[in-house]
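Novice: Provide a 3D model corresponding to the input given below.
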Amino acid sequence: MPSRAEPCRAMPSHAELRWPFIVGPSFRITSGDNLRAVSGCCNRSRMGYSNYWVIEGRILSRTVTSLGVSRILLGWFISPRGAQENCVVMFVWVLSVWVLGASTCVGAYTHYYTHSLSLDQVWTVNNTARGIEVPATVPGGIYSDLQDSGVLGDILYRFNDEEYRWVGYENWTYTKRFNVTDDILEKKDAYLVFHGLDTVTDIFLNGELLGSTDNMFIRYQFPVTDLLKSTENVLRVDFYSPVWAARVRYEAQAKDYPILPTCVDPSYRGECHVNHLRKMQSSFAWDWGPAFPSVGLWKSVEIIAYDVAYLRDVVLTYNSDQELLYWDTLLETGSTAVGTVEGVLTVAFGFNTTRTVSTTYNITLDLSEGRNHHRNVSLEIGGDIEWWFPNGLGNQKLYNLSMVFTGAGRERNEITFFYGFHNHELVEDPVDPDNPSLGRTFYIRTNGLDFFQKGANWIPSHILPERASNATTVRRLLEAARDANMNILRVWGGGIYESEDFYEIADQLGILIWQDLMFACSMYPSDEHFLSSVNTEVEQQVRRLQRHPSVAIWAGNNENEAALSQNWYGTSDRLQTYQRDYLSLYVDTLWPAVRATDPTRTYIFSSPSNGVLETIAEGYISGNTGNVLYGDVHYYNYDIDGWDSNQYLTVRYSSEYGIQSFPSMLSLEEVSESSDWSLGSNFSIHRQHHPLGNEQILQQIQRNIPFTLDSSSRDNFETFIFLSQINQAMSIKTESEHYRRGRGVFTSDGQGRTMGAMYWQLNDVWQAPSWASIEFDGRWKMLHYYAKNFFAPFLISPYISPAGNLEVESRSSHVRPTIVLLSDIVPDTSIHTVSRVTVYRWSSLEPVFLEYNATTLNGSGAFLIRSENLDNFLSTAAGDCTRQTCFLHLSLDSVLDTTQAQVNHTDLSLDSVLDTTQAQVNHTDLSLDSVLDTAQAQLGPDNFLFLSPLTTAQGLQVVQVEVVSVTNQEYNLLTVQLTTDNIALFVWLEVAGIQGQFSDNGFHMVTPYKNITFRGERAVASNDLLAAITITTLNSKIVN
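Specialist: Alright, predicted model coming up:
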């Protein structure tokens, strides 16, 4: 991991430089080398680190987003972590030697080869039928190119997804003219490499057909040694309409039998037959996104040339017993050569910037074996390593690894990347060894640690695949997941295998990745060409992603087993045929492909499923993929009261669950006009792709909040939006806490032992009603603020049981000996906690009842604090409270010090404060003062419990919530103090024009004052923030 830098300081002059320079643990540069001094500073940004280089008096600027500085730049510098710029010293070694094991500004995968030619950047694209010819950018896509050239406007504005659908019906030709240098022309073998073509193409170089493609997830290579010339090379890629290409394939297949479904649901407003193309499945529309059936060179294009071999990639395996790191290297040789070729392979492991171990192997490749040559080498690194852990459970230690293959002459190939030591396993143990019928556990164990998996589902960050790789957007979303205490994300199977940036950032942040293969909600062909193509796809993608410690598990598809077994698409008429296709794809093809490449991780056949073992026992297609005693479950029910925890299933692992809301008015205003701002408008109907979605949202709101829809009023529409976000946040809060409590549940019929909750979905691809917790522009919905709380490491979680009992549980996902943010996970430790239960009337800030409960949390799990009949509790403890007039507010603190708290406890004794009836408490070392001191010892977020629907609440008052002050703590961190004159519900702060997040939002104010913070993505002045804040409360919407 990059370390901290010293503050920016003056750079040494040329006279101050001394020889020799030690620039890394593996190389020494002497004055005899061609070396120039370079000065610069790093400035952290979302994209990476900006570096300013002065080379022979010229000032250059660029952004570093990869591990290597550049082809001719060799850097050893220390990355900044603070807000200010930090200086570094770098050196340019024109001979292009790499520093093995050195830290750099931002960790990333780099692949450098001495004889390569990038064909990225400037191309042209044309469509003769419409007379269009415009500049194009590679990597890119047709919608981006047409928008950049002014042919299209904002593709997400109003109804433009349908207005611009013609683009997907057309064929498009991309053309690149380029020259080639002699060092490439002189090589024995040259290959044209496309890292991503979307999707159906014919490719021509200098008028000669090289080949065709039909899988956007495959890297294609074509030999071009005899076709290249020094000047005026013309590369042409003809892209065929994906809509028509899919239809042609469907019609050919349908002569035998159709691949179902034949089209998406009409409410999606999309295109048909996408399951016949190896293309981003959601590009033809989904229930959360529009159809933009794009084409284009969505990843880089290059020419590589060599005499000996090209080092393609590596798969890593660590044997902890032998303390060996095994490297399965893949070397590619030319197709026209004969005999053998030789080279030298060096692998190196950097413990830090001063200590590296390496070894060198002489490699001989027999060209008669084909183009692809696997060479397994090992490196002894000893046992002095630190393991990589998920977010909140330990450090995300990453080591710098590199390998270099050197061929004849100056042929040099280098791959450098970060690696974290990890061991992920899927635990499927019998929940009761004496009674196998009660099912099996299902959860991921990392490095021997059992922990509750908390997270969400990830869809592409943009509907256009080339924009989905934007590092700024990816980092913002993944950091938001980290900040919401998530430790896992599921990359959903209808999108794309994500970019290198995505997995590298996940590695850095400790976000586990549940990786679906890209098959979703469909049956798929099983012909020889299709199976061969997807086999190559999976082999390439698994080899690319295997080295990432964040990748925890592979899943064959999203919901296809359930769709088949439950006849979603009418497969029952040809059930055996579709079952055969399913087994051919996921069992006979993809499973072996994954196992052969990555035997260290588990492959589950589908999600949801009954896990691996039970699915195999049932013949790979289970009759009930929603069996709560096995595997993972997807659960959606829009007809229940989402605020009632008793409505939810008790499962082993919930990998999908969700509820919709509308995005904020600030987001909708960006893509609409005033006539669109009502629930009944054509715009609101057009943007809702979930069948009956708007009606369901309205019904869900009205179950708990008094609201009458007025389709003619903008104010009413804004209220509806606000209430939809309240309903979503409350429903997912209720369900998520139910699953977390389920960890401590084990019923006589085997239900419980829940170990995972991933709600649907984290992010959005446009401004529309969806299940997302983060809006398209990065703005957090109320749900995401709530996720930060309900996924907190420690949480006090109240609910009302079916018997009408008040149940209060203290939940911890892991245990730390001291303050949560500063401590490591320590198994089998305990922490003393004090929970506070306060009863308030809706009409007053004065508590009706206050109770403290002391509990010792031993390890992670669920610990019962108290259970009592609610009506008895209200009539005895809370006086004349009823379910309609009062509610509960709860807090959880750790006992850390004995500073006297400002609490009037003249009538309290220690015994009255410590309710030990249901809690294992050793309070011999506790005093009343220590129990009551919560000023510095808050262990988890506050929580609350409504005792009846808000439609029946009595006593809610009109409130005045105001900003008292805004003060700067740092350049982008500000404290906001609020005040209220009464109980204020769902206090919601919005900021127009300033990107950032509050520390809390959508909260209830039960005290006259509350302090929160706001962190902007850039510097924010206190006056600017004060002017931009607007405050909304539920009181203002429902109390007259």
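Novice: Trp591 falls within a helix, correct?
Specialist: Yes. Counting by DSSP: H, G, I helix; E, B strand; the rest coil, Trp591 falls inside a helix.
Novice: I figured it hits Tyr603, correct?
Specialist: Yes. Trp591 lies in contact with Tyr603 (C-beta atoms under 8 Å); the separation is 5.6 Å. For the C-beta atoms, the positions are set from N, CA and C on the backbone; glycine is no exception.
Novice: so what sits against both of these two?
Specialist: By C-beta atoms under 8 Å, 6 or more residues apart in numbering, Trp591 and Tyr603 have these common neighbours: Gly556.
Novice: so, low pLDDT: which residues of the stretch 201-350 of the chain?
Specialist: 336-337 (pLDDT under 70).
Novice: can you pull out the strands in it?
Specialist: Ranges of strands in the stretch 201-350 of the chain, per DSSP state E, counting those that start in this stretch, are 201-205, 208-213, 220-223, 233-239, 284-286, 289-291, 301-306, 310-319, 324-332, 340-350.
Novice: next: the stretch 501-650 of the chain.
Specialist: 512-516, 551-555, 602-604, 633-635.
Novice: could you check the angle the first one makes with strand 551-555?
Specialist: So that's strand 512-516. Inter-element angle recorded for strand 512-516 and strand 551-555: 20 degrees (by axes from the mean of the first three to the mean of the last three C-alpha atoms, to 10 degrees).
Novice: name the surrounding residues that touch strand 512-516.
Specialist: 390, 424, 444, 446, 453, 455, 487-493, 497, 503, 506, 545, 548, 550-558, 607, 655, 758.
Novice: pull the longest helix from the protein.
Specialist: In the chain, taking DSSP state H as the definition, the longest helix is helix 714-741.
Novice: domains in the protein, by residue range?
Specialist: 14-101, 118-301, 309-406, 453-787, 792-950, 956-1040 (automatic domain parsing).
Novice: Tyr112: which of those is closest?
Specialist: When the domains of the chain are compared by C-beta to C-beta, domain 14-101 sits nearest Tyr112, at 6.0 Å.
Novice: residues near Asp641, how many?
Specialist: 14 (other C-beta atoms under 10 Å).
Novice: any idea which element the nearest residue to it once chain neighbours are set aside lies in?
Specialist: Leaving aside its sequence neighbours, Asp641 sits nearest to Arg703 (C-beta to C-beta, 6 or more residues apart in numbering; 5.1 Å). Secondary structure from DSSP states H and E places Arg703 in helix 693-704.
Novice: residues in contact with that helix?
Specialist: 267, 287, 638, 641-643, 659-662, 679, 684-685, 688, 690, 707, 709, 720, 723-724, 726-727, 730-731, 769, 949-951.
Novice: buried among those? Need that as a selection in PyMOL.
Specialist: Of the contacts of helix 693-704, the buried ones go into a single PyMOL selection, burial set by 16 or more other C-beta atoms under 10 Å:
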select buried, resi 287+638+642+643+659+660+661+662+679+684+688+690+707+709+720+723+724+726+727+730+731+769+949+950
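Novice: could you tell me which of the contacts of helix 693-704 belong to helices?
Specialist: Ser684, Ile685, Phe720, Leu723, Ser724, Ile726, Asn727, Met730, Ser731.
Novice: farthest-apart pair in those, please.
Specialist: Between all members of the ones in helices among the contacts of helix 693-704, the farthest pair (by C-beta to C-beta) comes out as Ile685 and Met730, at 25.4 Å.
Novice: tell me what angle the longest helix of the chain forms with helix 693-704.
Specialist: 70 degrees.
Novice: so for helix 714-741, what gets flagged as buried?
Specialist: 716-741.
Novice: stretch 574-588 too?
Specialist: Those would be Tyr578, Gln579, Asp581, Tyr582, Leu583, Ser584, Leu585, Tyr586, Val587, for stretch 574-588 by 16+ other C-beta under 10 Å.
Novice: again, but for stretch 845-857
Specialist: Val848, Phe849, Glu851, Tyr852, Asn853, Ala854, Thr855, Thr856, Leu857.
Novice: stretch 701-709 now?
Specialist: Ile701, Gln702, Arg703, Asn704, Ile705, Phe707, Leu709.
Novice: same question for stretch 436-455.
Specialist: 438-447, 449-455.
Novice: quote the end-to-end distance of stretch 318-327.
Specialist: With C-alpha to C-alpha, to the nearest Å as the measure, stretch 318-327 spans 9 Å from end to end.
Novice: ugh, wrong one, stretch 663-679
Specialist: Stretch 663-679 end-to-end distance (C-alpha to C-alpha) = 13 Å.
Novice: name the nearest of the buried residues of stretch 574-588 relative to Gly140.
Specialist: Among those, and counting by C-beta to C-beta, the member closest to Gly140 is Leu585, at 31.2 Å.
Novice: got a list of what the closest one touches?
Specialist: Applying C-beta under 8 Å, 6+ apart, the residues contacting Leu585 are Phe519, Tyr524, Ser526, Leu531, Val534, Gly556.
Novice: if we go to 6 Å?
Specialist: Tyr524, Ser526 (C-beta atoms under 6 Å, 6 or more residues apart in numbering).
Novice: that one and Gly955, how far apart?
Specialist: 60 Å (C-beta to C-beta, to the nearest Å).
Novice: ok, back up a step: and the strands of the stretch 501-650 of the chain as CSV, adding mean neighbour count?
Specialist: Formatted as CSV, the strands of the stretch 501-650 of the chain follow (neighbours: other C-beta atoms under 10 Å):
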stretch, mean neighbour count
strand 512-516, 25
strand 551-555, 24
strand 602-604, 22
strand 633-635, 21
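Novice: I'd like these as TSV, with distance to Gly383 and mean pLDDT appended.
Specialist: Output for those, formatted as TSV (distance: least, C-beta to C-beta, whole Å; pLDDT from 0 to 100):
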stretch	distance to Gly383	mean pLDDT
strand 512-516	24	99
strand 551-555	23	99
strand 602-604	26	99
strand 633-635	40	99
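Novice: wait, which of these is closest to Ala1027?
Specialist: strand 512-516 (40.7 Å).
Novice: that closest one pairs with which strands, and in what direction?
Specialist: Paired with strand 512-516 in the same sheet, following DSSP bridges, are strand 488-491 (parallel), strand 551-555 (parallel).
Novice: could you export it as PDB, CA atoms only?
Specialist: Extracted C-alpha coordinates of strand 512-516, given in PDB (Å, rounded to 0.1, in the frame of the first residue of the first chain):
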ATOM      1  CA  LEU A 512     -15.400  -8.300  -1.300                       C
ATOM      2  CA  ILE A 513     -16.800  -9.000  -4.800                       C
ATOM      3  CA  TRP A 514     -19.400 -11.700  -5.500                       C
ATOM      4  CA  GLN A 515     -18.700 -12.000  -9.200                       C
ATOM      5  CA  ASP A 516     -21.500 -13.100 -11.500                       C
END
